[in-house]
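A.B. asks: Structure of the sequence below:
(one chain, ligands or ions: 2)
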Amino acid sequence: MENSEDEEDENEWRNSFVDSSTHSPPAAAASGPSISKTPVPAHRVILHFDLDCFYAQVEMIRNPALREVPLGIQQKYIIVTCNYVARERGVNKLMSVTDAKEKCPELVLVKGEDLTHYREMSYKMTELLMSYCPLVERLGFDENFMDVTEMVEQRLAQTVKFEDFSYKGHVYNHPSADVKASKYPRLALGSHIAGELREAVHSKLGLTGCAGIATNKLLAKLVSGTFKPNQQTTLLPENISDIMGCLGSVRKVPGVGHQTAKRLQALGLVSVKDLQLCPLNDLVKEFGSPTAQRLKNLALGVDDSPVTCTGAPQSLSDEDSFKKMSSTKEVSEKTQQLLSSLVERMHKDGRQPQTFRLTIRKYTTTNKWFSRESRQCPIPNHIGQKICSGSSDDAVMQLLPLAMKLFYRMVDYSAPFHLTLINVCFSNLQTRAAAVTGKGSITSFFSRGTSPKKSQTVLSQCQHHKSYT
Ligand code: TTP
Ligand code: MG
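C.D. replies: Ligands and ions are numbered 1, 2, ... in the order given. Model prediction:
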C-alpha cells in the first residue's frame, strides 16, 4: 500500500526543494543575497540529517535477527531500500526484485507497503530533534533540517579556548584532524552538536544516520551523504565551489527538478558549471527574474531559504495502486479498506476533518502515471464527530456512500473502465476542538502524551524562531 501525506507530493515522495521552475519559491528563497528583503543571520549553522537505509532499519529494530542478513524492503516489484549488508552484495535502492535476487540470491525480503511503522518512527525522530531545538523541518520521511544557529551562539559565548577541540567527524576535502576549530568556530560547534544529536537518536530510538553541517540547507543536504553510513561531514565555506563542481549535472542540484532540467537543457545548460557561467539575463528571459536568480544561486551553493518549522500535516491520505480495477464492487471494497486505516489514523491525530477527497487514476496508454482526477465534498459534522470519537466502523460505513458518489461523478460505470489507483484523503483538519482538549495542535501531533503546557512552550519558541526568517 502506498500512503501519502501533504508533506509528501503525491507523485514524488519528497517535496521540499521543489522544482524551482514549477513552484513559486518562498520570498526569501526567490531572491539572491543582494536583493533579499528578509534578514538572514550572517552566520547560520544548518544541520541536515538523513537516516541510514530507513525502512530497513525500522524492520531490523522490529526483528533484530534481520541485522545479520542481507535485507531488502519490497514494495510491489521494487526494492525501495535495503540494509548495508545487502548493499555490500550489490543490491541497490530501487532495483527490481528480480535483479536484486539475481545479484544476491540469499536476500531476505520484507514487504514495505504498509507505512505505519515507518511513519511513526519518522515522527519520533523529528520530535526528538525538536526537543533540543524547535527549528526543525522535515523532508520526506527520513530527513530533517535543523537550524542550530542560536544553540551555536550560546555555546560560542561560553567557549573560551578553541585549541582544546577540533571538528567532530569528517571535514569535506580536508583530513579533519588538520582543521583547527578556531577556523570557522561556529561550524566546528555545529559539528559537535550534530554528533551529540546523532548519539541521542541512536541511544533513544536505536537509529543511525548521517549528518551534514554547513551554512545553508542546500549545502548541508549535499554534504551529508559524503560518508555513509552513520557518519557526518562539515563543509567549510572555502570548499563550496568544490562540492558544487562535483555534482556534474544540474539535475543533481536539490531544487532543480525534471521540468527545470529540461528547460535548462533547451538553453544548452547541462552541467552545474554551465548554469554558473550562464548570464543571468538569459535565465531571466526563460524563467522570469525570481526563479532565474534562485537557479543561479543554487548553482553557486547560495541558499537563503529558512528552515521552516514543520507543523502537523495539512491533510492525511492513503492510497493503493494496482494493475487493473474494473468493477464497482472492487472499487467499493478497496475504498472501504483504505478508509478504515485512514479513519483510524485521523482518530489518533485528534483533529476533525471537514473535507473528503477521492482521487482515482484511469489507465491511459499515453499518460500512464499522471492522469489523476479528484472530486471532493464536505464531511457532515456527525460523521466528523464519529471519526474523532473513535466510532471508526460507523464512520467508515457512512463515508463509503459519499466516496462512491464522488466516484460515480468521475467514472461512467455503465461502460468498461480501468483504474490503476485509488486515493482517499481528509483535509481541512479542524483544530478548534483541540484548543479545548489539548489534542490536535501541531505540537501534540509530535508530542502526544506530553502536557499541553510543554507543547505550547515548544510552539511559541518555534514561532519566535521563525520571526527572524
Ligand atoms: P533514502 O534516504 O533515499 O534511502 P535510505 O534511507 O533507505 O538509504 P540511505 O542510507 O542511502 O539514506 O529514502 C528513505 C526511505 O524512503 C527509504 O528507506 C525507503 C523510502 N523510499 C521510497 O519509498 N521510495 C523511493 O523511491 C526511495 C528512494 C526511498
Ligand atoms: Mg536515508
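
A.B. asks: So for Trp13, what's the pLDDT?
C.D. replies: According to the prediction, Trp13 has pLDDT 38.

A.B. asks: my read: Asn239 touches Tyr172, true?
C.D. replies: Yes: using CB atoms under 8 Å, Asn239 is in contact with Tyr172, at 5.2 Å. All C-beta atoms are positioned from the backbone trio N, CA, C, and that covers glycine.

A.B. asks: Report how many residues lie close to the residue of the stretch 201-350 of the chain found nearest ligand 1.
C.D. replies: Of all residues in the stretch 201-350 of the chain, the one sitting closest to ligand 1 is Pro229 (5.4 Å; CB to the nearest ligand atom). A count of neighbours around Pro229, defined by other CB atoms under 10 Å, yields 16.

A.B. asks: Angles on the backbone of the spatially closest residue to it that is not a sequence neighbour, please.
C.D. replies: Excluding the flanking residues, the one nearest Pro229 by CB to CB, 6 or more residues apart in numbering is Asp52, at 3.9 Å. Main-chain dihedrals, Asp52, degrees, to the nearest 10: phi -70, psi 140.

A.B. asks: anything in the one helix or strand Thr81 maps to near ligand 1?
C.D. replies: Thr81 belongs to strand 78-82 when assigned by DSSP states H and E. Yes: Strand 78-82 lies within reach of ligand 1 by CB under 6 Å from any ligand atom, at 80-81.

A.B. asks: That strand packs against which elements?
C.D. replies: Applying 3 or more CB pairs under 8 Å, 6 or more residues apart in numbering; DSSP states H and E, one finds that strand 78-82 contacts helix 54-62, strand 71-75, strand 95-96, helix 97-103.

A.B. asks: which stretch among these comes nearest Glu113?
C.D. replies: Judged by CB to CB, the one of these that comes nearest to Glu113 is strand 71-75, at 5.3 Å.

A.B. asks: ok, and what's touching that closest one?
C.D. replies: Here strand 71-75 makes contact (CB atoms under 8 Å, 6 or more residues apart in numbering) with 2, 55-56, 59-60, 79-83, 85-86, 91, 97, 100, 107-113.

A.B. asks: is ligand 2 contacted by it?
C.D. replies: No: Strand 71-75 does not reach ligand 2 (CB under 5 Å from the ion); its nearest approach is 12.0 Å.

A.B. asks: could you give the angle of that strand to helix 54-62?
C.D. replies: 120 degrees (axes from the mean of the first three to the mean of the last three CA atoms, to 10 degrees).

A.B. asks: Pull the distance from strand 71-75 to the chain's centre.
C.D. replies: 20 Å (CA atoms, centre = their mean, to the nearest Å).

A.B. asks: mind listing what that strand pairs with, with the direction of each?
C.D. replies: Strand 71-75 has the following strand partners under DSSP bridges: strand 78-82 (antiparallel), strand 108-111 (parallel).

A.B. asks: correct me, but Ser341 touches Glu319?
C.D. replies: No: applying CB under 8 Å as the test, Ser341 and Glu319 come out as separate, 10.8 Å apart.

A.B. asks: neighbour-wise, which of the two wins?
C.D. replies: Glu319 (21 against 17).

A.B. asks: State the three-state secondary structure for the more buried one.
C.D. replies: What DSSP: H, G, I helix; E, B strand; the rest coil gives for Glu319 is strand.

A.B. asks: Spatially nearest residue to it (excluding sequence neighbours)?
C.D. replies: Nearest one to Glu319, counting by CB to CB, 6+ apart, is Asn423 at 3.6 Å.

A.B. asks: State whether the one you found is indeed within a strand.
C.D. replies: Yes: assigned with three-state DSSP, Asn423 falls within a strand.

A.B. asks: show me the contacts for it.
C.D. replies: 4, 10, 317-319, 338, 357-360, 372, 374 are the contacts of Asn423 under CB under 8 Å, 6+ apart.

A.B. asks: Recalculate using a threshold of 6 Å.
C.D. replies: When contacts are counted by CB atoms under 6 Å, 6 or more residues apart in numbering, Asn423 touches 317, 319, 359.

A.B. asks: What does the pLDDT read for the residue nearest to the spatial centre of the chain?
C.D. replies: Centroid-nearest residue in the chain: Gly140, 1.5 Å away (criterion: CA atoms, centre = their mean). On pLDDT, Gly140 comes in at 92.

A.B. asks: just to revisit the earlier point, of the contacts of strand 71-75, grab the buried ones for ChimeraX.
C.D. replies: Buried residues within the contacts of strand 71-75, by 16 or more other CB atoms under 10 Å, are selected in ChimeraX with:
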select :2,55,56,59,60,79,80,81,82,83,85,86,91,97,100,107,108,110,112
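
A.B. asks: Phi and psi next, for the residue sitting furthest away from the middle of the chain.
C.D. replies: Centroid-distance maximum for the chain: Ser414 at 40.9 Å, with CA atoms, centre = their mean. Ser414 adopts backbone torsions of phi -80, psi -10, taken as degrees, to the nearest 10.

A.B. asks: From ligand 2, how far out is it?
C.D. replies: Ser414 sits 47 Å away from ligand 2, going by CB to the ion, to the nearest Å.

A.B. asks: and if you look at Ser271?
C.D. replies: 26 Å.

A.B. asks: what about that residue, neighbour count?
C.D. replies: 17.

A.B. asks: Bridged to it, which residues?
C.D. replies: Counting by DSSP bridges, Ser271 forms beta bridges with Ser249.

A.B. asks: repeat for Gly212
C.D. replies: Here Gly212, judged by DSSP bridges, has bridge partners His48, Thr233.

A.B. asks: pretty sure it is touching Val223, no?
C.D. replies: Yes: counting by CB atoms under 6 Å, Gly212 touches Val223, with 4.0 Å between them.

A.B. asks: Could you name every residue contacting both of the two?
C.D. replies: Common neighbours of Gly212 and Val223 (CB under 6 Å, 6+ apart) are Thr233.

A.B. asks: just to revisit the earlier point, retrieve the pLDDT associated with the residue nearest to Pro229.
C.D. replies: Per the predicted model, pLDDT is 98 at Asp52.
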